[in-house]
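Asks: Fold the following.
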Amino acid sequence: MSAVIDLPELAGTAERGGSLADFIWFRTGGPAEWLVRPNDVNDLARLLRDLDPSVPVMPVGVGSNLIVRDGGVPGIVVRLPKSFARVAVEGNRVRAGGGAMGITVASKARDSGIAGLEFLRGIPGTTGGAVRMNAGAYGREVSDILVEATVVLRDGRVETRAAERFGYTYRHSETPEGAVVVEALFEGVPGDPAAIGAEMDRIAEEREASQPLRSRTGGSTFKNPPGTKAWKLIDEAGCRGLTIGDAQVSEKHCNFLLNLGNATASEIEALGEEVRRRVFDRSGVMLEWEIQRVGVAA
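Replies: From the prediction side, this is the model:
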């Protein structure tokens with residue numbers, strides 16, 4: 001970890017050595033050097049402005065697509081509290097705080113007769129994380145619906161940026177390092193709430209049937225290569241059910257890794273690398289990680 005951090009004044013909470021394994025989906029990995037929950041945008045902006053510029057800052061939502069290495073995360077991890085989870089409707093648009101869950105945004109849109117945001121029902125993370133990684137499911141992605149998003153930059157400046165400025169590609173954006181997405185404005189089209197609800201139910205049922213949702217997992221592990229599906233290549237390479245320690249390739253959907261109980265982050269990451277090696281040997285395709293791997297080894 002870095003030298004002792006001089007933490008600026010904060011209206012919210014700051015916890016030295018705050019556990020990340022308590023809430024991230026894999027339920028394993030090391031702590032944050034500092035886990036910070038700012039009260040509001042001004043509190044966060046002030047913190048980042050006054051913080052030594054050499055201290056790394058990493059925002060975390062619910063950690064649904066994250067491996068935190070066993071040595072923990074140096075610097076400051078920012079977790080947005082409930083005050084950042086508000087969702088409001090403006091015509092055919094939905095304004096969502098960075099901490100709002102995808103399902104909450106989709107449900108608000110449904111209740112207001114706004115179609116086009118149904119796929120967010122299948123995104124298990126927060127709005128901030130979805131904007132940062134261009135999250136997508138069922139043929140749609142955030143770049144299809146984002147109008148603009150507000151970020152607090154690493155130097156504390158608050159900026160509202162048009163969607164074009166995020167430089168979106170598949171599961172990637174050019175959100176600046178250390179910036180925190182605190183709000184997003186999404187746009188849909190008028191629709192029938194019953195039809196929207198039916199589509200959301202279909203997405204939920206499809207996820208339930210095909211993905212290991214009740215397990216300690218990290219969502220989609222690898223990006224789909226052009227023209228094929230990652231799970232298919234993994235299956236063809238004989239990796240379904242493969243284990244290292246307590247880490248396992250899901251038998252239900254082999255682009256998901258599982259923590260069967262006491263897996264370390266290093267076992268999960270090593271399993272992912274072994275899958276990549278076997279897929280490359282079999283097909284010549286080098287799978288690209290979709291899950292973010294952060295922090296330092298133990």
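Asks: make it CA atoms for all contacts and neighbour counts henceforth
Replies: OK.
Asks: so how far is stretch 44-61 from its chain's centroid?
Replies: Offset of stretch 44-61 from its chain centre (C-alpha atoms, centre = their mean, to the nearest Å): 19 Å.
Asks: Kindly report the same for stretch 172-184.
Replies: 12 Å.
Asks: Next, the residues that contact it from outside, please.
Replies: 41, 56-59, 84, 95-99, 127-129, 131-134, 146-154, 165-168 (C-alpha atoms under 8 Å, 6 or more residues apart in numbering).
Asks: Worst mean pLDDT across the helices and strands of this structure, which element?
Replies: Ranking every helix and strand in the chain by mean pLDDT, DSSP states H and E puts strand 136-137 at the bottom, with a mean of 92.
Asks: Which residues does that strand contact?
Replies: Residues from elsewhere that reach strand 136-137, judged by C-alpha under 8 Å, 6+ apart: 119-120, 122-123, 130, 142, 171.
Asks: can you list the weak-confidence ranges in this structure?
Replies: 1-3 (pLDDT under 70).
Asks: how close does the spatially most central residue of it get to Gly97?
Replies: By C-alpha atoms, centre = their mean, the chain has its centre lying nearest to Gly129, at 4.2 Å. Per C-alpha to C-alpha, to the nearest Å, Gly129 is found 11 Å from Gly97.
Asks: In helices, which of the contacts of strand 136-137 fall?
Replies: Ala130 (DSSP state H).
Asks: now, among the contacts of strand 136-137, which is nearest to Trp231?
Replies: Trp231 has its nearest neighbour among these in Arg171, at 16.5 Å by C-alpha to C-alpha.
Asks: Double-check that closest one against Asn134; I have them as touching.
Replies: Yes - contact criterion C-alpha atoms under 8 Å: Arg171 and Asn134 qualify, at 4.7 Å.
Asks: Look at the two and report which has more neighbours.
Replies: Shown here are Arg171 and Asn134; by other C-alpha atoms under 10 Å, Asn134 has more neighbours (22 against 18).
Asks: Within its sheet, name the partner strands of the least confident helix or strand of the chain and how each one runs.
Replies: strand 140-141 (antiparallel) (DSSP bridges).
Asks: got a list of contacts for the strand it pairs with?
Replies: So strand 140-141 is contacted by 119, 134-135 (C-alpha under 8 Å, 6+ apart).
Asks: Please state the offset of that strand from the chain centre?
Replies: Distance of strand 140-141 from the chain centroid (C-alpha atoms, centre = their mean) equals 15 Å.
Asks: That strand: what's the following helix or strand?
Replies: strand 146-152 (DSSP states H and E).
Asks: Remind me what that following strand packs against, helices and strands.
Replies: helix 41-50, strand 158-162, strand 180-187 (3 or more C-alpha pairs under 8 Å, 6 or more residues apart in numbering; DSSP states H and E).
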